[in-house]
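1. how would this look folded up:
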Amino acid sequence: MDSILEERGLLSDQIRNALTDEIASGALGAGTALDEQDLADRFGASRTPVREALRQLAFNGLVELRPRRGVVVTRMTPERVMDMFEATAEFEAMCVRLATYRMTPLERSTLMDLQDSAGALVAAGDVDAYDGLNRRFHEALYGATHNGFLLEQALALRTRLSGFRRTQLRHGDRIRRSHAEHGEILAAIAEGDGDGAARRMRAHMLNAASALGHYIDAHSAP
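-> This is a model prediction of the structure:
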């Protein structure tokens with residue numbers, strides 16, 4: 001039973017990731033209806049993992065449920081997405097500045113371990129696995145602020161952008177540059193330079209926004 005549930009979970013993740021990329025690139029435009037059975041046929045799956053994937057997309061704000069229309073792609077303009085990245089960049093810069101002065105040696109060690117583990121995934125070009133570690137890296141920084149309200153708000157913002165933050169890693173060598181930027185942030189933290197860490201985090205997030213913009217341009221229909 002556990003193995004069956006795990007397989008369903010992995011398949012729902014694959015379906016969610018594929019749909020996320022298509023929504024981010026504009027291949028699935030705003031207002032597009034997503035039919036469970038059509039998606040099940042497309043991905044060679046039952047409706048259960050498809051339903052779970054759509055639930056996750058709805059939680060992330062990429063699709064919504066509409067009366068009599070079922071699941072439809074949310075209207076999200078590139079300008080709106082970039083505005084969200086800009087706001088998130090400022091928020092994460094604030095988090096890393098505070099975390100620099102408040103994190104424990106164990107929390108710093110955890111960040112370094114995540115950075116080391118991510119290196120092998122970068123070398124392998126494993127975007128999905130790197131995205132998981134990337135999420136853990138940022139969430140560890142939120143926790144290191146030791147401010148419960150900041151943690152809640154940072155996680156909420158991250159959820160809104162999670163699909164787009166993952167998709168931007170597919171552009172060019174963005175995965176490699178993302179990992180290098182994490183290293184620069186850690187170097188500033190190690191020096192106790194909260195302002196420097198904040199500047200590097202802000203640049204990191206704006207670079208991600210730029211990569212997403214290029215990805216969308218490259219994959220948009222002519």
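2. all strands for the protein, in order.
-> 33-34, 63-66, 70-73 (DSSP state E).
3. Which parts of this protein belong to which domain?
-> As recorded under automatic domain parsing, the domains making up the chain are 2-73, 78-219.
4. What confidence value was assigned to the residue located most distally from the centre of the chain?
-> Farthest-out residue of the chain from its mean C-alpha position, per C-alpha atoms, centre = their mean: residue 68, at 30.5 Å. Note on residue 68: pLDDT of 74.
5. if we can go back for a sec, packed most tightly, which of the domains of the chain would that be?
-> domain 78-219 (a mean of 18; mean count of other C-beta atoms under 10 Å). All C-beta spots, glycine's among them, are computed from the backbone N, C-alpha and C.
6. what's the nearest residue to residue 111 if we skip its chain neighbours?
-> Leaving aside its sequence neighbours, residue 111 sits nearest to residue 140 (C-beta to C-beta, 6 or more residues apart in numbering; 5.6 Å).
7. just to revisit the earlier point, tell me, which of the strands of the chain is the model least confident about?
-> Least confident of the strands of the chain, judged by mean pLDDT, is strand 63-66 with a mean of 84.
8. Any idea how far it is from the middle of the chain?
-> Offset of strand 63-66 from its chain centre (C-alpha atoms, centre = their mean, to the nearest Å): 20 Å.
9. So which elements touch it?
-> helix 47-59, strand 70-73 (3 or more C-beta pairs under 8 Å, 6 or more residues apart in numbering; DSSP states H and E).
10. other SSEs contacting the shortest one?
-> Going back to what we said before, that points to strand 70-73. Checking 3+ C-beta pairs under 8 Å, 6+ apart, strand 70-73 ends up next to strand 33-34, strand 63-66.
11. Name all residues that make contact with residue 204.
-> 89, 178, 181-182, 184-185 (C-beta atoms under 8 Å, 6 or more residues apart in numbering).
12. Could you rerun that using 6 Å?
-> Residues near residue 204 by C-beta atoms under 6 Å, 6 or more residues apart in numbering: residue 181.
13. And it, how far from residue 165?
-> Distance from residue 204 to residue 165, counting by C-beta to C-beta, to the nearest Å: 11 Å.
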